[in-house]
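Chemist: how does the following fold in three dimensions:
(chains A and B)
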2 protein chains.
Amino acid sequence: MSVAKSSSANELHLRMQVLGRDARAAADVLARASEQAKNTALRAAAAGLRSDKAAILAENEKDVAYAEQKPDITAAFLDRLRLDGARIDAMAAGLEAIADLPDPIGSVLAEWTRPNGLRIRRVRVPLGVIGVIFEARPNVTADAAGLCLKAGNPILLRPGSESFHSAAAILERLQHGLKLADLPEAAIQMVPTRDRAAVGEMLRMTDAIDVIVPRGGKSLIERVVQESQIPVFRHLEGICHVFVDRNADLDKARKIAVNAKMRRPGICGAMETLLIDAAVAEKFLPPILKDLAQAGCALRGDEKTRALYPKAEAATEADWTTEYSDAILSVRVVDGLDAAIAHINRYGSQHTDSIVTEDAAAAEKFMERVDSAIVMQNASTQFADGGEFGMGAEIGISTGRLHARGPVGVEQLTTYKYHVLGDGQVRP
Amino acid sequence: MSVAKSSSANELHLRMQVLGRDARAAADVLARASEQAKNTALRAAAAGLRSDKAAILAENEKDVAYAEQKPDITAAFLDRLRLDGARIDAMAAGLEAIADLPDPIGSVLAEWTRPNGLRIRRVRVPLGVIGVIFEARPNVTADAAGLCLKAGNPILLRPGSESFHSAAAILERLQHGLKLADLPEAAIQMVPTRDRAAVGEMLRMTDAIDVIVPRGGKSLIERVVQESQIPVFRHLEGICHVFVDRNADLDKARKIAVNAKMRRPGICGAMETLLIDAAVAEKFLPPILKDLAQAGCALRGDEKTRALYPKAEAATEADWTTEYSDAILSVRVVDGLDAAIAHINRYGSQHTDSIVTEDAAAAEKFMERVDSAIVMQNASTQFADGGEFGMGAEIGISTGRLHARGPVGVEQLTTYKYHVLGDGQVRP
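Modeler: A predicted model of the protein is given here:
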């Protein structure tokens, strides 16, 4: 047994090495691919997805049947996994939207001349090979591959075992697009096995992969951050707050609170905790919570909240660090701006936090001191999204501090190099 | 025995946790420290280094005595370790130069308005807590701490066991500067033990440290990259090339080749391999190699090189991947520009590479295709330096692709956050 296992582990290792080498070789070609070639590939892939819907849906059916047999599968998981015609159309439209974005590669980010006459240019270049590890949603295949291609980066995808066939079917159309554009098919690859050991292999491929992007639940991301020898764009959680300041406009606060939670409670930019300034709690808290309850939101409050709104359940310490991803909200009355900032920096996840206030100084202080990727004044946290920021699309939102913070769009998937132009200069 | 060991390991773990927590707490204060406070601390530290020279040198003597007892210590290592009055003055001057740099924090990097009226600003903020692991050079203590302080980042330093006392002595003056400026002393900390297990502890402190910067030899950096759960600014090696193209100006090529190798053969930007276009090898190679030999450089050439310059020793495959850090150079005749680019991308370390040519198209192609942090035309690779780039100072040169590529100065030690200013917008 142990011999068999070790030989299969060895085989997996070799297969992964080949994928890595092919991706690295493709990087060189992709880095100088024309804007036109990349866009041709994206549009051809979109057309392929649209015309081959039936075949893709048949593969997706296999995945759904496989997942349904698992005892611990949830309805939400199956919903994320399941494709239909509209979802395939959305994937295709996403690829076309990426094709419409400007090509970031080759642009000069800065340029200056040194006293000795050396001219220095900082030029945008692709980031390198991107490894994407995801779980249920098959559309990650197209979304992530499209963004990476536009930025000139080969991608190596590792779908969850439940989305294996769907991802492979989508990959086929993406690679067909590459072929039509005369670009290397190794620019978009997928780990061709469900073997879980492949994830461990990927996370050690420091020569072949430049960044790992995990897309999925907390446990996946924690494992990746823990194990990876390759830098990770991590998005741990979205524990987003809205703070209603004493100088808030109540109408704005009501609208923002309901939208931030209830527009789509499951997205990472959804509010999880509402903080209300004690100075206005008596006046503001009841109408805001009534609106939320009316919209279908379950409420969990601290003592002061429950004194003003007895229908709320009692919140526990764990509620302040829980990403419900559901129509549930924790509510706390805090002693003013400083207490709100302290709560957010202690319990938050450095994702997105918003203050509702008409007081510019309070907003400025909130935005300076809350240590999150996105800080807002008088806006719904649900705007935390690359598309809403005008970036066209995103591969995710980074709650890490390095390289990319906040929405990771095409630009965040690039790096730079320096061109130094001399005329024979030597260093004294 | 195993109980004792585990209890001491546990004690180390707890001590490291305290350092990490204190650093994280200091981050919040440092992020909003005024430019004036940070510069006061830097200048006061510089003054302290200058006035306490004797005490610092006495501590350095202890380190030198400790190192000299080790059987495998080299003269070069002792030279890096040893301080003298001039070296302390240089450290002090370095801190003052950092004080003179503009404060990067708070500047608006980009600003735009969305169709729905949301105003979005990308604002520069500190990167976070920086862990610096270094070996012999005690001056890293002051240089790295100064840059981190200017960028608003707490630093946790781990000196090599040989530079322990020197680093502690320098640290004392840095912390005194912080105290005078009313900044938290935890902004600059050092691991207060020589225990090697502390490095492993640091590399797992994902909550407390945001980036690890290793400064030292290849084996240190490889260990750090391998083991770290925290992102690393890595600088693996500087295997830098100069390629003399068929359209090179011979005078420029001679001057650049000698300077790139011999000005300071030990720095990471020193040329390690000279490539010469076969089309001009007969005419260019002998005079260039004569110049280098005359300057004291040992030469190792491929067959074609030795046919034209028989005094060169024979190079082996290993020479193309060796960072000599010494007055030794490998030389190869290549079949034109494409072969030069292929050699560099295969054997180089993505650090700095230069083409000598009067042909703008060849230079453009070289700069586009050579996948290195810095690509040059008609300039010495020894210009690969933050100071020479106009950045004021650097904590190192990154050969990685993420976040910082090339010289890592004050700006590269920052990140950004988004401010979103609304007027009650909710997402449809």
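
Chemist: hmm, who's touching stretch A:23-42?
Modeler: Outside stretch A:23-42, the residues within contact range by C-beta atoms under 8 Å, 6 or more residues apart in numbering or on different chains are A:95-96, A:98-99, A:103, A:105, A:125-126, A:128-129, A:146, A:149-150, A:152-156, A:174, A:177-178, A:180-184, A:186-187, A:189, A:207-209, B:345, B:368-369, B:371. Glycine gets a C-beta too; all of them are placed from N, C-alpha and C.

Chemist: now the helices for chain A?
Modeler: Per DSSP state H, chain A carries helices over the ranges A:2-31, A:35-51, A:53-68, A:75-81, A:85-100, A:139-150, A:164-180, A:197-203, A:218-227, A:250-262, A:278-294, A:303-308, A:336-347, A:360-369.

Chemist: and the second one with helix A:53-68, angle?
Modeler: Relative orientation of helix A:35-51 versus helix A:53-68 (axes from the mean of the first three to the mean of the last three C-alpha atoms, to 10 degrees): 70 degrees.

Chemist: ok, the residue nearest to A:V280 when sequence neighbours are not counted - contacts?
Modeler: Leaving out its chain neighbours, the residue that sits closest to A:V280 by C-beta to C-beta, 6 or more residues apart in numbering or on different chains is A:R246, at 5.0 Å. For A:R246, the residues meeting the contact criterion (C-beta under 8 Å, 6+ apart) are A:D277, A:A279, A:V280, A:G336, A:T357.

Chemist: stretch A:396-414 close to chain B?
Modeler: Yes. Stretch A:396-414 lies in contact with chain B when judged by C-beta under 8 Å from any C-beta of the partner chain; the contacting residues are A:G400, A:R401, A:L402, A:H403, A:R405, A:G406.

Chemist: now the residues you listed as TSV including neighbour count and pLDDT?
Modeler: Formatted as TSV, the entries for the residues of stretch A:396-414 next to chain B read as follows, by neighbours: other C-beta atoms under 10 Å in any protein chain shown; pLDDT from 0 to 100:
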residue	neighbour count	pLDDT
A:G400	21	88
A:R401	23	90
A:L402	22	91
A:H403	22	93
A:R405	24	94
A:G406	26	95
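
Chemist: what parts of the stretch 201-350 of chain A come near chain B?
Modeler: Taking C-beta under 8 Å from any C-beta as the contact definition, the stretch 201-350 of chain A meets chain B at A:206, A:210-211, A:225-226, A:228-229, A:231-232, A:249, A:251-252, A:255-256, A:258-260, A:263, A:345.

Chemist: kindly recompute the last result at 10 Å.
Modeler: By the rule C-beta under 10 Å from any C-beta of the partner chain, the part of the stretch 201-350 of chain A lying against chain B is A:204, A:206, A:210-211, A:225-234, A:249, A:251-260, A:263-264, A:267, A:269, A:341-342, A:345, A:350.

Chemist: and stretch A:154-169, average pLDDT?
Modeler: The average pLDDT within stretch A:154-169 is 96.

Chemist: distance between it and the chain's centre?
Modeler: Relative to the chain's own centre, stretch A:154-169 is displaced by 17 Å; criterion: C-alpha atoms, centre = their mean, to the nearest Å.

Chemist: residue ranges in the stretch 251-400 of chain A under the pLDDT threshold?
Modeler: Across the stretch 251-400 of chain A, nothing is flagged by pLDDT under 70.

Chemist: in it, what residue lies closest to chain B?
Modeler: Using C-beta to the nearest C-beta, A:A379 is the residue of the stretch 251-400 of chain A that sits closest to chain B, at 3.1 Å.

Chemist: the residue lying closest to that residue once chain neighbours are set aside: what's it in contact with?
Modeler: Nearest-residue entry for A:A379: B:G422, 3.1 Å, with adjacent residues in sequence omitted and distances by C-beta to C-beta, 6+ apart. Remark: with contacts taken as C-beta atoms under 10 Å, 6 or more residues apart in numbering or on different chains, B:G422 is in contact with A:252, A:256, A:354, A:356, A:376-380, A:383, B:114, B:116-120.

Chemist: drop anything exposed from those.
Modeler: With neighbours counted by 16 or more other C-beta atoms under 10 Å in any protein chain shown, the contacts of B:G422 contain buried members at A:K252, A:I256, A:S354, A:V356, A:M376, A:Q377, A:N378, A:A379, A:S380, A:F383, B:L118, B:I120.

Chemist: for beta bridges, what are the partners of the fifth one?
Modeler: Taking DSSP bridges, one obtains A:S354, B:V420 as the residues bridged to A:M376.

Chemist: how about the last one?
Modeler: For B:I120, the beta-bridge partners under DSSP bridges are B:W112, B:V420.

Chemist: what sits against it?
Modeler: Counting by C-beta under 10 Å, 6+ apart, B:I120 touches A:374, A:376, A:379, A:383, A:388-390, B:110-114, B:418-422.

Chemist: and if you look at the fourth one?
Modeler: Listed by C-beta under 10 Å, 6+ apart, the contact partners of A:V356 are A:242-245, A:247-250, A:252-257, A:260, A:274, A:276-277, A:284, A:288, A:363, A:376-380, B:422, B:424.

Chemist: try the first one
Modeler: Counting by C-beta under 10 Å, 6+ apart, A:K252 touches A:V244, A:V356, A:T357, A:E358, A:N378, A:A379, B:G422, B:D423, B:G424, B:Q425, B:V426.
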